[in-house]
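Peer 1: What would the 3D arrangement of this be:
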Amino acid sequence: MTRLSLKGRDDGILKGATVVIKDSYDIQGLGTSNGSPTWLAAHPAASQNAPAALLDAGVTITGKCIMDEMAYSLEGSNAHYGTPVNPACPDRLPGGSSSGTAAAVAAGEADLGLGGDTGGSVRVPASFCGILGIRPTHGRVDLTGSCPLAPSFDTGGWFARDPALLRKAGQVLLPPSSKRPVSLKRWLVGKDAFDIATPATSRAIYDALSPKIDGMQQLLSPPQEIDIGRGLEGGLRSWAEIFRIDQGYEAWQTHGQFIEQHRPALGPGIKERFEMASKITAAEYDEAHKRRKVVTAHMHELLGDDAVLAVPSAPGPAPLVNSSPEEISAMRSQLLPLTCIAGLAGLPQVSLPIAQVDGCPVGLGLIGPPGSDEALLALTEEIMGLLKAS
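Peer 2: I've put the predicted structure just below:
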């Protein structure tokens with residue numbers, strides 16, 4: 001982490017809070033690496049502060065954090081800058097791509113962390129590091145001064161240990177004009193999503209909620225189990241392929257020229273992913289995009305303006321630091337069907353650190369209708385308070 005001391009205004013609702021940011025966001029006078037030394041060398045120092053809203057709210061930015069290379073990874077390692085230590089389980093990966101930001105918040109080095117989430121890059125490290133994290137509704141958080149990956153998926157996102165602070169940051173980062181009036185009362189449980197997670201993970205989440213089931217039902221309603229992908233060809237697992245093609249095509253449109261011109265020494269996994277992305281045809285993208293529109297309409301109809309959908313944030317705890325490439329690939333294959341639900345449909349999702357497997361965190365994901373971010377953050381605060389009550 002590059003240490004900073006960038007103080008915001010003397011007033012504001014976040015006065016006194018410390019924040020670390022992912023190194024995909026600009027800080028005036030500094031270079032932005034986007035997780036790549038080649039990117040850092042090829043771009044001038046920033047002329048603006050991307051997290052201006054946070055500074056206006058009174059925070060102090062205390063660091064810029066390591067991230068996965070060009071944000072095209074979910075594991076939390078970087079071949080050039082190293083792997084941040086996961087404070088919750090030091091022998092395991094922190095998750096990415098907002099890896100260093102999540103690790104710093106989990107370690108207590110900052111109160112808040114500003115990350116970014118395209119395919120799970122806030123929700124996954126939040127789950128792996130045992131903290132709160134939110135991917136907002138697509139388009140609600142201003143991304144001016146941040147590095148893109150796949151623009152129709154890219155969102156800002158943030159981490160906290162305290163649910164009240166997570167919600168308060170939303171008051172700063174989420175424009176009221178894009179808020180939707182919703183009342184989250186219908187509690188849906190994605191059976192097919194929990195079937196993708198390991199049995200131990202699903203059991204741990206269910207066991208964490210079971211003692212508080214009466215309180216949960218008072219906040220929401222009796223849970224209704226559903227198959228999220230029911231009625232769509234291929235079911236939920238097939239959605240990951242739609243995401244892979246759609247995201248990959250956009251990623252190459254965004255970064256292909258840079259890669260061909262500068263020939264960065266891309267790290268393991270990143271190199272192969274961009275090679276795959278470079279070969280996706282416009283026809284393949286068009287077909288995937290049509291399917292994405294069907295998924296989006298399906299999810300919007302499923303959630304309406306009153307439902308919250310419970311899914312595992314990740315299929316299990318973080319992989320071991322010394323996991324083989326084959327093990328990481330297998331993890332990613334299980335992970336994407338879970339994270340792509342919100343991504344494909346542009347929906348907000350929070351990850352709540354409510355359970356453990358083998359002594360390491362696993363998160364509960366809650367997905368809401370588009371524009372329901374504030375309601376989702378308020379619900380998160382209520383649920384975390386309920387689970388901590390004796």
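
Peer 1: What are the boundaries of the helices in the stretch 201-350 of the chain?
Peer 2: Taking DSSP state H, counting those that start in this stretch as the test, the helices found in the stretch 201-350 of the chain are 213-219, 239-262, 270-278, 282-303, 325-345.

Peer 1: Would you reformat these as TSV and include mean neighbour count?
Peer 2: To be clear about C-beta, it is placed using only N, CA and C from the backbone, and glycine gets the same treatment. Listed next are the helices of the stretch 201-350 of the chain as TSV, based on neighbours: other CB atoms under 10 Å:
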stretch	mean neighbour count
helix 213-219	13
helix 239-262	19
helix 270-278	17
helix 282-303	15
helix 325-345	21
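
Peer 1: out of those, nearest to residue 81?
Peer 2: The closest of those to residue 81 is helix 270-278. By CB to CB, the value is 12.5 Å.

Peer 1: tell me the angle the closest one makes with helix 325-345.
Peer 2: 50 degrees (axes from the mean of the first three to the mean of the last three CA atoms, to 10 degrees).

Peer 1: what's the distance between helix 270-278 and the middle of its chain?
Peer 2: In terms of CA atoms, centre = their mean, to the nearest Å, the centre of helix 270-278 is found 21 Å from the chain centre.

Peer 1: Can you report how many residues lie near residue 307?
Peer 2: 21 (other CB atoms under 10 Å).

Peer 1: hang on, it packs against residue 188?
Peer 2: Yes. Under the criterion of CB atoms under 8 Å, residue 307 makes contact with residue 188 at 5.3 Å.

Peer 1: Show me the one of the helices of the stretch 201-350 of the chain that comes nearest residue 201.
Peer 2: helix 325-345 (10.2 Å).

Peer 1: Show me the shaky parts of this structure.
Peer 2: 390 (pLDDT under 70).

Peer 1: still on that earlier bit, need the helices of the stretch 201-350 of the chain in a markdown table (columns: distance to residue 375).
Peer 2: Listed next are those as a markdown table, based on distance: least, CB to CB, whole Å:
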| stretch | distance to residue 375 |
| --- | --- |
| helix 213-219 | 12 |
| helix 239-262 | 25 |
| helix 270-278 | 35 |
| helix 282-303 | 12 |
| helix 325-345 | 15 |
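
Peer 1: Distance of residue 228 relative to residue 216?
Peer 2: As judged by CB to CB, to the nearest Å, residue 228 and residue 216 stand 20 Å apart.

Peer 1: Tell me which stretches of the protein form strands.
Peer 2: For the chain, the strands defined by DSSP state E occupy 2-7, 18-22, 60-65, 112-117, 132-135, 155-160, 186-190, 224-226, 307-312, 349-357, 360-367.

Peer 1: hmm, who's touching the third one?
Peer 2: Strand 60-65 is contacted from outside by 1-8, 16-23, 25, 27, 30, 51, 54-55, 84, 98-101, 103-104, 109-110, 113, using CB atoms under 8 Å, 6 or more residues apart in numbering.

Peer 1: check contacts around the most centrally placed residue in the chain.
Peer 2: In the chain, the C-alpha nearest the mean C-alpha coordinate belongs to residue 122, at 2.5 Å (CA atoms, centre = their mean). Each residue near residue 122 by CB under 8 Å, 6+ apart is listed here: 98, 102, 115, 116, 133, 134, 135, 157, 158, 159, 351.

Peer 1: among the strands of the chain, which is nearest residue 383?
Peer 2: Short answer: strand 349-357, nearest of these by CB to CB, at 6.4 Å.

Peer 1: Listing partners with orientation, what would you give for that closest one?
Peer 2: strand 132-135 (antiparallel), strand 360-367 (antiparallel) (DSSP bridges).

Peer 1: would you put the C-alpha positions of that strand in CSV?
Peer 2: Only the C-alpha atoms of strand 349-357 are listed here, as CSV (Å, rounded to 0.1, in the frame of the first residue of the first chain):
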residue,chain,number,x,y,z
GLN,A,349,-25.6,-6.7,-4.0
VAL,A,350,-24.1,-6.6,-0.5
SER,A,351,-21.9,-9.3,1.1
LEU,A,352,-22.5,-9.9,4.8
PRO,A,353,-19.8,-11.7,6.9
ILE,A,354,-22.0,-14.0,8.8
ALA,A,355,-20.4,-17.5,8.8
GLN,A,356,-17.2,-19.5,8.7
VAL,A,357,-16.0,-22.7,7.1
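
Peer 1: Between strand 155-160 and that strand, find me the angle.
Peer 2: 40 degrees.

Peer 1: looking at it, residue 21 is touching residue 112, isn't it?
Peer 2: No. Between residue 21 and residue 112 there is no contact under CB under 8 Å: 9.3 Å.

Peer 1: who has more neighbours, the two?
Peer 2: Neighbours were counted for residue 21 and for residue 112 using other CB under 10 Å; residue 21 has more, 34 against 27.

Peer 1: Now that one. Nearest residue, chain neighbours left out?
Peer 2: residue 114 (4.4 Å; CB to CB, 6 or more residues apart in numbering).

Peer 1: I'd like to know how far that neighbour sits from residue 146.
Peer 2: From residue 114 across to residue 146, the span is 9 Å (CB to CB).
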